[in-house]
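# with the sequence up front, the predicted model follows.
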Protein chains: 2
Amino acid sequence: MEPIKSRVLVVGCTGYIGRLMAQASLDLNHPTYLLVRPDVVHDIRRVEIVLGFKAQGAKLLEGSLDDNESLLAALKQVDVVVSAMAENRLLSQLKLVEAIKQAGNIKRFLPSEFGMDPDRMHHALKPGNHVFESKREVRRAVEAAGIPHTFVSANCFAGYFLSSLAQFAQFMPPKEKVFIYGDGTAKVVWVVEADVGRYALSTVDDPRAVNKTIYIRPPANVLSQKEVVEMWEEMSGVTLVKCHIPEEDFLRDLQGPPSPKNEALSIFYHVFYKGECSNFDISDDVSASHLYPHIDYMSASSYLKRFL
Amino acid sequence: MEPIKSRVLVVGCTGYIGRLMAQASLDLNHPTYLLVRPDVVHDIRRVEIVLGFKAQGAKLLEGSLDDNESLLAALKQVDVVVSAMAENRLLSQLKLVEAIKQAGNIKRFLPSEFGMDPDRMHHALKPGNHVFESKREVRRAVEAAGIPHTFVSANCFAGYFLSSLAQFAQFMPPKEKVFIYGDGTAKVVWVVEADVGRYALSTVDDPRAVNKTIYIRPPANVLSQKEVVEMWEEMSGVTLVKCHIPEEDFLRDLQGPPSPKNEALSIFYHVFYKGECSNFDISDDVSASHLYPHIDYMSASSYLKRFL
């Protein structure tokens, strides 16, 4: 007999990652609740997204992070909260933390993370460092409130990073030339978004993941940019012109572009020159691949084949 | 044995209606080609849409309406062109018409229409009238070029009109009060978008639809706003406060809001006060419901049930 699945509330379910959290919750047969802002009524794209989840059995709860009463009412109906707030709204989660503390019934909270581990990024360059700062601030608030939690480090989303072989602000493989960061040998962790959802939701009823940071680091997807470029060249039969960007040139230029491009670029530095997704060891008890070996994650190779 | 299906090129496949045209083409087993602009690479949402179609067998052809060479190369690979350009880009289709004329091999062209019949809307109010004017300009260019064509009049998209019981710029049913246009008795034709795609694509290999305007007017979906409101009240058990907007008030106020709201409002006038979706007779030979009785269209009632 399958154990009873916790009731999951997804906050931010119409966003890029929130959609995958909601889908994973439904796919894993959790009773799934979606916090839906009243103003969604004016956004036909978001209405279609929430109706799609509703058709799969999700329950829509009207509310917003700015309305404590609505939050409390929603929280009382669930056991677990998964937040996927966008990067520019991370600190609004402090209201959610406060409400979870007030409600007192939430057995697990996953704040919006799903990137590099912010507690390892105290040294991050400006201006992108504020994302890590905000995530740390939320973490500390969660801990101070005594809320059982799981932090999920998901590294580099395939759609944003792998799709273009890490070309900035592009989401399909380049056709003629490819920019390589330094010598391209820093090891990066590429994770397909749907797998982020599956791993993250697998933690919510897992006592092994309470009050821990779980790292999604699928072994086959720890690859340097150079290896990813070679993989694509081999499968596509196209040889790309390689333009290496020396570290000093990258650092000199990264402050130039306007926000948020400069913020994203400064994070690229840590990923692609410093290899900071993977330059530390993790133990089995916090490795998503080790904890959930039944999840057949998508390999970088399979992901890139979609573009052929 | 099923007759050979024409190869269909969809132009504008990542847009609101274009997505449904591409899906309908695939669902109807047409070899489906999608014109994909080179700059789609910068839009992760659109990349995901085209990859979704590619996974279903669509072939992506890089090109744009501003690049005649790419258009000709794409047109040479197909038999039928379905355009779903957005309202603010309707006249860019004149380049497509020119390319189709040059290519010389296209057996059917469906320009972007899918609303009220523009040839019946010469009297339309400013400022929304420019949509009808642009559609007429494209129609005349198609006819002058001698391109076999089908114009599809699809009336009011459910997502934009029916979802909110015709509340302007809302896409879910209201919860307390509903604005009613006049006495709410003008008959309106509500059509679910996926059905627009299915009917439109059903015409492309149909000799009965050559050089005609085909009207999508599903008999069960010819309903007044009042009937739609009553239908929702009955299924939801909620009684809404009715705020009737007299015609003269609506006309006085419609020029006030900025574009494009004022443009949409002026079209609301024709739909909801004048009933101009349905206040003319159509013969069986141009009725989509009559030509394609096998299509089990979604009723307004079923559509609204999604919100319960």
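Great, that's in hand. Residues are numbered from 1 along each chain as shown, chains lettered A, B, ... in the order given.
# flag every residue of the stretch 1-150 of chain A that's near chain B.
A:Tyr16, A:Val40, A:Val41, A:His42, A:Asp43, A:Ile44, A:Val47, A:Glu48, A:Leu51, A:Lys54, A:Ala55 (C-beta under 8 Å from any C-beta of the partner chain). All C-beta spots, glycine's among them, are computed from the backbone N, C-alpha and C.
# could you flag which of these are buried?
By neighbour count, with 16 or more other C-beta atoms under 10 Å in any protein chain shown, those hold A:Tyr16, A:Val40, A:Val41, A:Asp43, A:Ile44, A:Val47, A:Leu51, A:Lys54 as buried.
# out of these, who's nearest A:Pro31?
A:Lys54 (13.2 Å; C-beta to C-beta).
# my guess is the closest one contacts A:Leu60, does it?
Yes: here A:Lys54 reaches A:Leu60: they are 5.9 Å apart, a contact under C-beta atoms under 8 Å.
# burial measure for A:Phe280, as a count.
By other C-beta atoms under 10 Å in any protein chain shown, 10 other residues sit near A:Phe280.
# picking that back up, filter the buried ones among the residues of the stretch 1-150 of chain A next to chain B down to the ones in helices?
Judged by DSSP state H, those include A:Ile44, A:Val47, A:Leu51, A:Lys54 as members of helices.
# if we can go back for a sec, what's the farthest-apart pair in the buried ones among the residues of the stretch 1-150 of chain A next to chain B?
Longest span within these, C-beta to C-beta: A:Tyr16 and A:Val41, 21.0 Å.
# coming back round to it: let's have the buried ones among the residues of the stretch 1-150 of chain A next to chain B in TSV, adding pLDDT and distance to B:Glu248.
What follows is these, written out as TSV (pLDDT from 0 to 100; distance: C-beta to C-beta, whole Å):
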residue	pLDDT	distance to B:Glu248
A:Tyr16	95	46
A:Val40	97	33
A:Val41	96	28
A:Asp43	97	32
A:Ile44	96	30
A:Val47	98	32
A:Leu51	98	36
A:Lys54	98	40
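# how about JSON lines for the residues you listed, with distance to A:Glu263 added?
Formatted as JSON lines, those follow (distance: C-beta to C-beta, whole Å):
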{"residue": "A:Tyr16", "distance to A:Glu263": "16"}
{"residue": "A:Val40", "distance to A:Glu263": "27"}
{"residue": "A:Val41", "distance to A:Glu263": "31"}
{"residue": "A:Asp43", "distance to A:Glu263": "25"}
{"residue": "A:Ile44", "distance to A:Glu263": "30"}
{"residue": "A:Val47", "distance to A:Glu263": "30"}
{"residue": "A:Leu51", "distance to A:Glu263": "33"}
{"residue": "A:Lys54", "distance to A:Glu263": "35"}
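# low-confidence regions, chain A specifically.
Applying pLDDT under 70 to chain A flags the ranges A:1-2.
# show me it divided up by domain.
A:8-155+A:191-217+A:280-295, A:162-186+A:222-273 (automatic domain parsing).
# going by distance to B:Ala103, which of the ones in helices among the buried ones among the residues of the stretch 1-150 of chain A next to chain B wins?
Closest to B:Ala103, out of all of these and judged by C-beta to C-beta, is A:Ile44, at 34.9 Å.
# next, give phi and psi for A:Ser287.
phi -90, psi 120 (degrees, to the nearest 10).
# not counting its neighbours along the chain, what's nearest it?
A:Tyr215 (5.9 Å; C-beta to C-beta, 6 or more residues apart in numbering or on different chains).
# partner residues bridging the one you found?
With DSSP bridges as the criterion, A:Tyr215 is bridged to A:Ser153, A:Ser287.
# tell me which element the residue most central in space within chain A falls in.
Centroid-nearest residue in chain A, with C-alpha atoms, centre = their mean: A:Phe114, separated by 2.7 Å. Assigned by DSSP states H and E, A:Phe114 belongs to neither a helix nor a strand.
# ok, it touching A:Ile17?
Yes: the criterion here is C-beta under 8 Å, and A:Phe114 meets it with A:Ile17 at 5.7 Å.
# mutual contacts of the two, please.
Residues touching both A:Phe114 and A:Ile17 (C-beta atoms under 8 Å, 6 or more residues apart in numbering or on different chains) are A:Ala84, A:Phe157, A:Val196.
# just name the closest of those residues to chain B, please.
A:Phe157 (9.5 Å; C-beta to the nearest C-beta).
# can you tell me the closest non-neighbouring residue to the closest one?
Spatial nearest neighbour of A:Phe157, excluding adjacent residues (C-beta to C-beta, 6+ apart): A:Glu193 at 5.4 Å.
# ok, the one you found - how many residues close by?
Neighbours around A:Glu193, by other C-beta under 10 Å: 23.
# let me see the contact set for it.
By C-beta under 8 Å, 6+ apart, the contact list for A:Glu193 reads A:Tyr16, A:Ile17, A:Leu20, A:Phe157, A:Ala158, A:Gly159.
# between those, which is closest to chain B?
Among the contacts of A:Glu193, and counting by C-beta to the nearest C-beta, the member closest to chain B is A:Gly159, at 5.6 Å.
# now do the contacts for the closest one.
A:Tyr16, A:Phe171, A:Glu193, B:Ile44, B:Val47, B:Glu48.
# just give the number of residues close to the residue of the stretch 201-308 of chain A found nearest chain B.
Residue of the stretch 201-308 of chain A nearest chain B, by C-beta to the nearest C-beta: A:Arg306 (5.5 Å). Using other C-beta under 10 Å, the number of residues around A:Arg306 comes to 14.
# show me what contacts it?
Taking C-beta under 8 Å, 6+ apart as the test, what A:Arg306 contacts is B:Leu51, B:Lys54, B:Ala55.
# which members of those additionally contact chain A?
Near chain A, by the rule C-beta under 8 Å from any C-beta, you find B:Leu51, B:Lys54, B:Ala55 out of these.
# and which of these is nearest to B:Asp27?
B:Ala55 (14.0 Å).
# look up how far A:Ser302 lies from that closest one.
12 Å (C-beta to C-beta, to the nearest Å).
# how about the residues of the stretch 151-300 of chain A that lie near chain B?
Applying C-beta under 8 Å from any C-beta, one finds that the stretch 151-300 of chain A approaches chain B through A:Gly159, A:Tyr160, A:Ser163, A:Ser164, A:Ala169, A:Gln170, A:Phe171, A:Met172.
# related to what we said a few turns ago, out of the ones next to chain A among the contacts of A:Arg306, who's nearest chain A?
B:Leu51 (5.5 Å).
# excluding its backbone neighbours, what's nearest that closest one?
A:Arg306 (5.5 Å).
# how about A:Leu61, phi and psi?
phi -120, psi 120.
# brain fart, A:Pro111
According to degrees, to the nearest 10, A:Pro111 has phi -70, psi 170.
# what comes into contact with stretch A:12-21?
Outside stretch A:12-21, the residues touching it (C-beta under 8 Å, 6+ apart) are A:10-11, A:22, A:34-36, A:40, A:43, A:45-46, A:49-50, A:53, A:58, A:82-86, A:112, A:114, A:157, A:159, A:193-194, A:196-197, A:200-201, B:44.
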